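A.B. asks: coordinates only, no sequence provided:
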Ligand SMILES: [Zn+2]
């Protein structure tokens, strides 16, 4: 029996949720950005069809929104303890600039992870193609 790959590690490596071996994306890097969301139609290891139904990836918007809100809150807490919020200076605008820059930089990574997390909600390890 082969050892079951770690759930968290395979998620961070953007592996297929079914076999945790095949890559979900064609390129391991987010560059070039235009090809960052290019995925094979089926997993190269277990042949799971990644896009479970037409427009399946639309739902990833909710995942990335949730993660974004979490990240902004985390960033706000860090900012509050390091720089500090003060209504008498520009600290709120500084924070907004940092938060926007951070979210723009994080977006490609966030979009990939959202897909990996979203697919994992529907496909459990070793489950195979969900019935449609
Ligand atoms: Zn697979």
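C.D. replies: Noted; the coordinates are in hand. Since we're looking at a predicted model, the values are computed, not measured.
A.B. asks: distance from the helix or strand harbouring residue 98 to the middle of the chain?
C.D. replies: For residue 98, the enclosing helix or strand under DSSP states H and E is helix 91-122. From the chain centre to the centre of helix 91-122 is a distance of 9 Å (C-alpha atoms, centre = their mean, to the nearest Å).
A.B. asks: what mean pLDDT does it get?
C.D. replies: Mean per-residue pLDDT for helix 91-122: 96.
A.B. asks: and that helix, anywhere near the ion?
C.D. replies: No - Helix 91-122 stays clear of the ion (C-beta under 5 Å from the ion), getting no nearer than 10.4 Å. To be clear about C-beta, it is placed using only N, CA and C from the backbone, and glycine gets the same treatment.
A.B. asks: interface residues of this protein facing the ion?
C.D. replies: Near the ion, when you scan the chain using C-beta under 5 Å from the ion, you find 16, 18, 19, 22, 43, 45, 46, 48.
A.B. asks: what sits against the fifth one?
C.D. replies: Residue 43 makes contact with 16, 18, 19, 22, 24, 50, according to C-beta atoms under 8 Å, 6 or more residues apart in numbering.
A.B. asks: may I ask which two of the residues you listed are separated the most?
C.D. replies: Greatest spacing in these, by C-beta to C-beta: 19 and 50 (12.0 Å).
A.B. asks: dump the contacts of residue 43 into JSON lines; add neighbour count, pLDDT and secondary structure as well.
C.D. replies: Putting the contacts of residue 43 into JSON lines (neighbours: other C-beta atoms under 10 Å; pLDDT from 0 to 100; DSSP: H, G, I helix; E, B strand; the rest coil) gives the following:
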{"residue": "16", "neighbour count": "25", "pLDDT": "97", "secondary structure": "coil"}
{"residue": "18", "neighbour count": "23", "pLDDT": "97", "secondary structure": "coil"}
{"residue": "19", "neighbour count": "18", "pLDDT": "96", "secondary structure": "coil"}
{"residue": "22", "neighbour count": "19", "pLDDT": "97", "secondary structure": "coil"}
{"residue": "24", "neighbour count": "20", "pLDDT": "97", "secondary structure": "coil"}
{"residue": "50", "neighbour count": "20", "pLDDT": "97", "secondary structure": "coil"}
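A.B. asks: closest to residue 128 out of those residues?
C.D. replies: Of all those, residue 128 sits closest to residue 18, with 6.3 Å by C-beta to C-beta.
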